[in-house]
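Novice: next one to model:
(one chain, ligands or ions: 1)
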Amino acid sequence: MAKLAPPTAHILEADGIRVELPGGRTLLSSIYLKLETGVVAGLLGRNGCGKSTLLQAVFGPRTVPDASVRLDGRYVYPAYRRPGLINYLPQTPLLPAALSLGTAARWLAVEPAVAFARFPGLLARLREPVGRLSGGQQRLAETLLLLHQPTQFTLLDEPLAHLAPVQLEGLGEEIRAAAQRKGLLLTDHDYRALLPLCQRLYLLNEGRLLPLDAAQPTPQLIEYGYLPGGYAAP
Ligand SMILES: Nc1ncnc2c1ncn2[C@@H]1O[C@H](COP(=O)(O)OP(=O)(O)OP(=O)(O)O)[C@@H](O)[C@H]1O
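Specialist: Numbering: from 1, shown residues only. The predicted model follows:
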């Protein structure tokens, strides 16, 4: 059998992202983010520190005047307008509730039998409206569809929330498999589930994006107040 060629590696970089909130609080100011094919990057930070805002700014619908987003060194801002470059799971539901799950998959150019192969509970419900799935199932289905969409990069805002351990295990496998084809950025507060998936870690702290030691982030996360003092690593 002929071997499949490995995917071409790409680098997506973002900087120049400065966001001020009404009232003058600077939410994001010193940002340099680098994503690349084959790497799962994790984005951590306290509630309200600006993680979702940063993802929206990188994806592009949140316009930031001096933002620079570059694919392999070439300016691609807003990134979402470039076909096949990037997709994004927001914190809020993505798919229209009235659409059937199977139709939603086909709208996204994804074969549901492939995307949901590890999840028979989703495969059995392809004809049902998305809105009839439980909150966790809906989130899982949306995440799987974006992972399987043929984009070079995928941004996922809290994809692990509300999942049972067995689903987390399966989704972890899917995330690892997707990283063979694309570059990923995940935020999540489920630190224990997120950390084993990530080869790169960032902490958003007081508007600055700090690169962490992905092999041993706990001391830095305690120092910056993301983890409680005395936290025992899993
Ligand atoms: N357009 C806006 N106008 C006013 N405030 C905003 C606007 N957009 C974001 N914010 C505020 O910016 C802060 C950061 O929000 P964001 O959702 O990016 O944080 P987060 O790190 O993703 O939080 P969480 O971990 O709780 O999801 C919040 O206090 C939010 O209310």
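
Novice: for the closest residue in space to residue 62 that isn't next to it in sequence, give me the pLDDT.
Specialist: Here the nearest residue to residue 62 in space, its sequence neighbours aside, is residue 56; by C-beta to C-beta, 6 or more residues apart in numbering that works out to 3.7 Å. Where you see a C-beta, it was placed from the backbone N, CA and C, and this is true even at glycine. According to the model's per-residue confidence, residue 56 sits at a pLDDT of 96.

Novice: ok, residue 56 to the ligand distance?
Specialist: Applying C-beta to the nearest ligand atom, to the nearest Å, one obtains 8 Å for the distance of residue 56 from the ligand.

Novice: Three-state assignment for that residue, please.
Specialist: When classified by DSSP: H, G, I helix; E, B strand; the rest coil, residue 56 comes out as helix.

Novice: so who does it touch?
Specialist: Counting by C-beta atoms under 8 Å, 6 or more residues apart in numbering, residue 56 touches 62, 88, 90.

Novice: and the first one, what does it touch?
Specialist: What it means is residue 62. Applying C-beta under 8 Å, 6+ apart to residue 62 gives the contacts 19, 53, 56.

Novice: dump the residues you listed to CSV, plus distance to residue 191.
Specialist: As requested, these are exported to CSV (distance: C-beta to C-beta, whole Å):
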residue, distance to residue 191
19, 25
53, 20
56, 23
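
Novice: who in this protein is up against the ligand?
Specialist: For the chain, the residues in contact with the ligand under the definition C-beta under 6 Å from any ligand atom are 21, 22, 27, 45, 47, 48, 49, 50, 51, 52, 53.

Novice: in strands, which of these appear?
Specialist: Among the residues of the chain next to the ligand, DSSP state E puts residue 27 in strands.

Novice: the residue nearest the centre of the chain: which element?
Specialist: Averaging the C-alpha coordinates of the chain gives a centre point, and the residue nearest to it by C-alpha atoms, centre = their mean is residue 156 (2.1 Å). Mapping residue 156 onto the secondary structure by DSSP states H and E places it in strand 153-157.

Novice: contacts for that strand, please.
Specialist: Applying C-beta under 8 Å, 6+ apart, the external contacts of strand 153-157 come out as 10, 12, 35, 51-52, 55, 58-59, 79, 85-91, 143, 146-147, 178, 182-187.

Novice: quick one, the helix or strand following it and strand 153-157 angle?
Specialist: On the C-terminal side of strand 153-157, the nearest following helix or strand under DSSP H and E is helix 165-178. Put simply, helix 165-178 runs at 160 degrees to strand 153-157, going by axes from the mean of the first three to the mean of the last three C-alpha atoms, to 10 degrees.

Novice: CA-only coordinates of helix 165-178 in CSV, if you can.
Specialist: These are the backbone C-alpha positions of helix 165-178, laid out as CSV (Å, rounded to 0.1, in the frame of the first residue of the first chain):
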residue,chain,number,x,y,z
PRO,A,165,-13.7,10.8,31.9
VAL,A,166,-14.3,8.2,29.2
GLN,A,167,-15.2,10.9,26.7
LEU,A,168,-12.1,12.9,27.8
GLU,A,169,-10.0,9.9,27.1
GLY,A,170,-11.4,9.5,23.6
LEU,A,171,-11.2,13.2,22.8
GLY,A,172,-7.6,13.2,24.0
GLU,A,173,-6.8,10.5,21.4
GLU,A,174,-8.6,12.6,18.7
ILE,A,175,-6.6,15.7,19.7
ARG,A,176,-3.3,13.8,19.4
ALA,A,177,-4.4,12.4,16.0
ALA,A,178,-5.4,15.8,14.7
